[in-house]
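A.B. asks: Need coordinates for the following:
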Amino acid sequence: MLDAKMTVLSLESESDSSGNITYGWLPYHETWGTYELKQARNIFSAVALGARTVEITLRRQPISLDNSIFRGERQLFITQIDDTATPHFTTLTTALIDPVNCSVEQETFKKNDLNRLISDGIKKTTFPAWMTEKYLGRTQAEPQVVLDTMYVLITPKVVELEAGDLVTVEEKTYKVYIAHTLDDHKNEYEIARKDEA
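C.D. replies: Sure thing, here's the model as predicted:
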């Protein structure tokens, strides 16, 4: 019985006159389905910890791994789509992990009259992402103890970060250390920040 109302979300973007880009999840269409919280963890990242799994069944409709699902007050990250299990229905495997608001400022470049790259200024990109813990390390530094907190930031494919970028996540700044960009639908970035204990 399809008794759970949900909204399929689509990632949209807008640019201002300065070239800054803002990405956000907007409603694509509403649908009804089943919503079942599983005990198993969803390993949706090759380098991060998993999250609780929610299995959703919908009538067949246009949906891809580039979409997201909103149900109740939670947004779900789609990790697998199965159209083969039952006729006329689609089963989605999703991770119960809420997106976070992020931004990054990056220098952009353009070609001049001599076909050489020159700076085009600093552009700001604001985007939603999912963040999960990688590990927590503890190192002794003189004269204080420093906590190295490592996370994995999972972004929509259109968001491209580079090693060394400083990313603001929910008003805290993290440095990008490693980029994993081979997936067709998402990018994964290992990020960290140092705090005095």
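A.B. asks: contacts and neighbour counts: CA atoms only from here.
C.D. replies: OK.
A.B. asks: Tell me where the model's unsure across the protein.
C.D. replies: 46, 135-148, 195-197 (pLDDT under 70).
A.B. asks: just so I have it, where are all the strands in it?
C.D. replies: Defined through DSSP state E, the strands belonging to the chain, from first to last, are 4-15, 21-42, 51-59, 68-71, 74-82, 89-95, 100-111, 117-140, 145-156, 166-169, 172-180, 186-196.
A.B. asks: quick one: contacts of the first one?
C.D. replies: I take that to be strand 4-15. Strand 4-15 is contacted by residues 21-35, 63, 66-72 when judged by CA atoms under 8 Å, 6 or more residues apart in numbering.
A.B. asks: Only the buried residues of stretch 6-15, if you could.
C.D. replies: With burial defined by 16 or more other CA atoms under 10 Å, the residues of stretch 6-15 counted as buried are 6-11.
A.B. asks: could I get those residues as JSON lines with distance to His185?
C.D. replies: Output for these, formatted as JSON lines (distance: CA to CA, whole Å):
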{"residue": "Met6", "distance to His185": "22"}
{"residue": "Thr7", "distance to His185": "20"}
{"residue": "Val8", "distance to His185": "16"}
{"residue": "Leu9", "distance to His185": "15"}
{"residue": "Ser10", "distance to His185": "13"}
{"residue": "Leu11", "distance to His185": "12"}
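A.B. asks: Centre of the protein to the edge, which residue is at the far end?
C.D. replies: In terms of distance from the mean C-alpha position of the chain, Leu114 ranks first, at 38.6 Å (CA atoms, centre = their mean).
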